[in-house]
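Student: Would you be able to build a 3D model of this:
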Amino acid sequence: MSTPASEQHNESTHIVCGDCNAVVRIPADRLQQGPQCPQCHNPLFAGHPFTLTSANFDKHIERSDVPLIVDIWAPWCGPCLAMAPHFAEAAKRLEPQWRFGKLNSDDESQIASRLGIRSIPTLIVFQHGREIARQSGLMDVNRLMQWLNGLNISSRDE
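Tutor: Residues are numbered from 1 along each chain as shown. Here you go, the predicted model:
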């Protein structure tokens, strides 16, 4: 049985702001319209990855309804630095269907350890607090987008 159109407009999506970490409820049909955070007034989808830290990591992976791709990297890692512009380009192309965050494994070694990171760069996709997929190694934007589009994540907005 399909959901009536009037109910579809009332469905909301929770997004954690990449700037102030406020949890924001947005009508699902407005995600493509450039919503702003009501607390800090910055765009919720800025077209670039945001920084994840021990202070905001769990909130972002658990409270956001949009799948979150986390790039675990380090500033001394050549492949990590080479992949950074590709990851940023993917954010420009794929938001708001996906969220993009970066976690510095040197600064956040406890989280990296908790995630079992053995090599960097490593990308992990989270949805509703659960790890959905993981990929290690350098990827260009086309390979990254191909990998993400091949994932079967049913609740993401198309």
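
Student: which other helices and strands contact the lengthiest helix in the chain?
Tutor: In terms of residue count, the longest helix belonging to the chain (DSSP state H) is helix 78-94. Packed against helix 78-94 by the contact rule (3 or more CB pairs under 8 Å, 6 or more residues apart in numbering; DSSP states H and E) you find strand 68-73, strand 99-104, helix 141-149. All C-beta spots, glycine's among them, are computed from the backbone N, C-alpha and C.

Student: Can you name the element that comes right after the least confident helix or strand in the chain by mean pLDDT?
Tutor: Within the chain, no helix or strand scores below helix 5-10, which has a mean of 46 by mean pLDDT, DSSP states H and E. Stepping forward along the backbone from helix 5-10, the first helix or strand reached (DSSP states H and E) is strand 12-16.

Student: ok, residues contacting that next one?
Tutor: Contacts of strand 12-16 with the rest of the structure, by CB atoms under 8 Å, 6 or more residues apart in numbering, involve 22-28, 31, 35, 44, 56, 59-60, 63-66, 99, 157.

Student: Please check those and keep the buried ones.
Tutor: 24, 26, 31, 35, 44, 56, 60, 64-66, 99 (16 or more other CB atoms under 10 Å).

Student: Point out where the chain drops to low pLDDT.
Tutor: Segments of the chain classed as low confidence (criterion: pLDDT under 70) are 1-10, 154-158.

Student: Turn the buried ones among the contacts of strand 12-16 into CSV, columns for secondary structure and distance to residue 142.
Tutor: Converted to CSV, the buried ones among the contacts of strand 12-16 look like this (DSSP: H, G, I helix; E, B strand; the rest coil; distance: CB to CB, whole Å):
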residue, secondary structure, distance to residue 142
24, strand, 31
26, strand, 29
31, helix, 24
35, coil, 28
44, coil, 26
56, coil, 30
60, helix, 26
64, coil, 26
65, coil, 27
66, coil, 22
99, strand, 20
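
Student: Remind me what the host helix or strand of residue 58 packs against, helices and strands.
Tutor: Using DSSP H and E, residue 58 sits within helix 57-63. Under the contact criterion of 3+ CB pairs under 8 Å, 6+ apart, helix 57-63 touches strand 12-16, strand 68-73, strand 99-104.

Student: This completes my enquiry, with thanks.
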